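Asks: Sequence plus predicted model, see below.
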Amino acid sequence: MDISHIVIDDANRTHRELSIYRTGEIHLVRLTDSEYRTYGTLDISAHDYTALFHFGIVEALNELPFVSETGHGLDSWDEAFLHRSSIAKMLSILDARRATVEPEKEETVLLGWHDKPVPAAYWRKIEPRTFLNFTVKLQSFAEKALAENYDLEFIL
């Protein structure tokens, strides 16, 4: 069987329209608000979205008590809320997982595949330095949430 191997290119509009092309957001919210309101947003690029899963950060964060509609905690294709009382632990987990990322070791990871209508495998290059820069932004964002009594909403 011939399989097309496609490396996702963020500059390619056709690639950005694929269902496997995932981005996300993290919002500052207050779970005690009577109406839904966001107080700030951290965008998660498709590259960093993939890296969050590839480097085990999403899986490690699932030891925290996320609240989600599906009940699956923090997961793709879902939104999950984290109460401010768990943000310090989140930062500790982030630090521990970040320490396992090798800055010089670029990788190409499999995002997924299908065999119909045409067999194809989808890949993404992970640039660890780019991802580590994102984790610094994530840390600052979470520290702001902690300092200003916000909760976090993850939309993955």
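Replies: Thanks, I have it.

Asks: from here on, contacts and neighbour counts on C-alpha atoms
Replies: Will do.

Asks: Tell me, what's the model's pLDDT at the nearest residue to residue 100 once chain neighbours are set aside?
Replies: Spatial nearest neighbour of residue 100, chain neighbours left out: residue 55 (8.0 Å); criterion: Cα to Cα, 6 or more residues apart in numbering. In this model, residue 55 is scored at 98, pLDDT.

Asks: Equivalent analysis for residue 9, please.
Replies: At residue 9, the pLDDT recorded in the model is 97.

Asks: Start at 27, not 1
Replies: Sure, I'll start counting at 27 from here, so that last one is residue 35.

Asks: can you tell me how far it sits from residue 72?
Replies: Look at residue 35 and residue 72: by Cα to Cα, to the nearest Å, they are 10 Å apart.

Asks: of these two, who's got more company?
Replies: residue 72 (19 against 16; other Cα atoms under 10 Å).

Asks: Quick one: the strands in the chain, in order.
Replies: Secondary structure of the chain, counting by DSSP state E: strands at 30-33, 50-55, 64-70, 93-94, 105-108, 133-140, 146-152, 177-181.

Asks: Pick out the shakiest of these, pLDDT-wise.
Replies: For the strands of the chain, where the average pLDDT is lowest is strand 93-94, sitting at a mean of 92.

Asks: so what strands line up beside that strand?
Replies: strand 105-108 (antiparallel) (DSSP bridges).
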